[in-house]
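Trainee: this is a predicted model, with the sequence first.
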Amino acid sequence: MGVMGLRSVKRESPLANLPDWLRRPIGNVSDISTVQQIIKQRQIHTICEEGRCPNRGECYAQKTATFLLMGPTCTRACAFCQVDKGHAPMPLDPDEPYNVAEAVNLLGLRYVVLTSVARDDLPDQGAGWFVQTMIAIRAMNPGTQIEVLTPDFWGGLGGEVVQRQRIATVVQASPACYNHNVETVQRLQDPIRRGAKYDRSLRVLQLVKEFDPAIPTKSGLMLGHGETEEEIIETLRDLRIVRCDRLTLGQYMRPSLEHLPVQKYWTPEEFDHLGAIAREMGFGQVRSGPLVRSSYHAGEDT
């Protein structure tokens, strides 16, 4: 079933007005400042701020946030991402796991998402840091569930052998969900995800299921880079082959003139259509919409 009859809007200028469906209110300033104050006082980071997430006003109003571990500087340079890169990352802050756990406690979070920049400079790529932070959160907040959104843990000597070890380290800490995004279709991986590979990302999800089949896996795509519906569906098939359970589909929004331009704004009707296809393919949880991001409403349906 195609979407030929559905509206689609293309924008050639990065400064053109966004479609109406991509506009949303900032949110209550008091709610936003409360979360920001808790985060800044502890010198920790969230992907909400570093990635300029369009949903941060809504999430902050609900006192939720996705924590960005290991500093705000990434060792990779994906062409779509707002997170800082291009220079050496800072040393790890030994207090970060405790500070994140304290922020979780103050915000009263019952479901937390931990993500990170890529840290190819670290011996274990940061796998152990995820575990340390999970331990700290559980010590202070024993009833809180923790979802992880990790990089591919590929880097340095050893290739897939060390990748397996790093993923196993995180899996053994029993996250409530293990998320790793393929981000885009196979054809567009190289220009969009510099330093990452399509098959390598699928392998991350496959390894999680090999280590612990009971842990739900999750992945997501940002649409608008020039992919076709057929390519999206093929990507969803590949994800189901590695037994990926949950899916997010959202619209890529160009953060700045230094980032890749948007090739197409997919409409809400098209996102609904793709979400229906994903459910028919067997994904147990699907979030598909222009403003959907990897951790948007992550704790629902768990």
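Mentor: Structure received.

Trainee: isn't residue 275 up against residue 286?
Mentor: Yes. Assessed by CB atoms under 8 Å, residue 275 is found in contact with residue 286 at 4.9 Å. For every residue, glycine as well, the C-beta is placed using N, CA and C.

Trainee: for the chain, which spans come out with low pLDDT?
Mentor: 1-17, 24-32, 47-65, 73-88, 155-158, 256-257, 296-302 (pLDDT under 70).

Trainee: what do residue 275 and residue 286 both touch?
Mentor: residue 249 (CB atoms under 8 Å, 6 or more residues apart in numbering).

Trainee: hey, where'd the helices end up in this protein?
Mentor: Listed in chain order, the helices of the chain (DSSP state H) span 29-41, 47-50, 56-61, 96-107, 127-140, 160-171, 189-192, 198-211, 229-241, 268-281.

Trainee: quick one: contacts for the residue lying closest to residue 201 once chain neighbours are set aside?
Mentor: Excluding its sequence neighbours, the residue lying closest to residue 201 (CB to CB, 6 or more residues apart in numbering) is residue 182, at 4.8 Å. By CB under 8 Å, 6+ apart, the residues touching residue 182 are 198, 201-202, 219-221, 235, 238-239.

Trainee: which one of the residues you listed is nearest to residue 110?
Mentor: Residue 110 lies nearest to residue 220 out of the contacts of residue 182, by CB to CB, at 22.2 Å.

Trainee: gap between the closest one and residue 237?
Mentor: Counting by CB to CB, to the nearest Å, the gap from residue 220 to residue 237 is 16 Å.

Trainee: ditto for residue 104
Mentor: For residue 104 relative to residue 237 (CB to CB), the value is 37 Å.

Trainee: for the two, indicate the residue with more neighbours.
Mentor: residue 104 (25 against 10; other CB atoms under 10 Å).

Trainee: make sure that one is actually in contact with residue 112.
Mentor: Yes. Counting by CB under 8 Å, residue 104 touches residue 112, with 5.5 Å between them.

Trainee: quick check: neighbours shared by those two?
Mentor: Residues touching both residue 104 and residue 112 (CB under 8 Å, 6+ apart): 137, 144.

Trainee: residues contacting residue 131?
Mentor: 169-170, 172-173.

Trainee: of these, buried ones?
Mentor: 169-170, 173 (16 or more other CB atoms under 10 Å).

Trainee: let's have these in TSV, adding distance to residue 211.
Mentor: What follows is the buried ones among the contacts of residue 131, written out as TSV (distance: CB to CB, whole Å):
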residue	distance to residue 211
169	10
170	9
173	11
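
Trainee: closest to residue 260 out of the residues you listed?
Mentor: Minimum distance to residue 260 across the buried ones among the contacts of residue 131 is 29.6 Å, recorded for residue 170 (CB to CB).

Trainee: and that closest one, what is it in contact with?
Mentor: 127, 130-131, 148, 150, 178.

Trainee: let's see 6 Å
Mentor: Contacts for residue 170 (CB atoms under 6 Å, 6 or more residues apart in numbering) come out as 127, 130, 148.

Trainee: how near is the closest residue in space to residue 160 that isn't next to it in sequence to residue 253?
Mentor: Excluding its sequence neighbours, the residue lying closest to residue 160 (CB to CB, 6+ apart) is residue 203, at 7.3 Å. Remark: distance between residue 203 and residue 253 (CB to CB) = 29 Å.

Trainee: how far does stretch 99-113 sit from the chain's center?
Mentor: On the basis of CA atoms, centre = their mean, to the nearest Å, stretch 99-113 sits 18 Å off its chain's mean C-alpha point.

Trainee: from the opening residue of that stretch to its closing one, how far?
Mentor: This stretch, stretch 99-113, spans 15 Å end to end (CA to CA, to the nearest Å).
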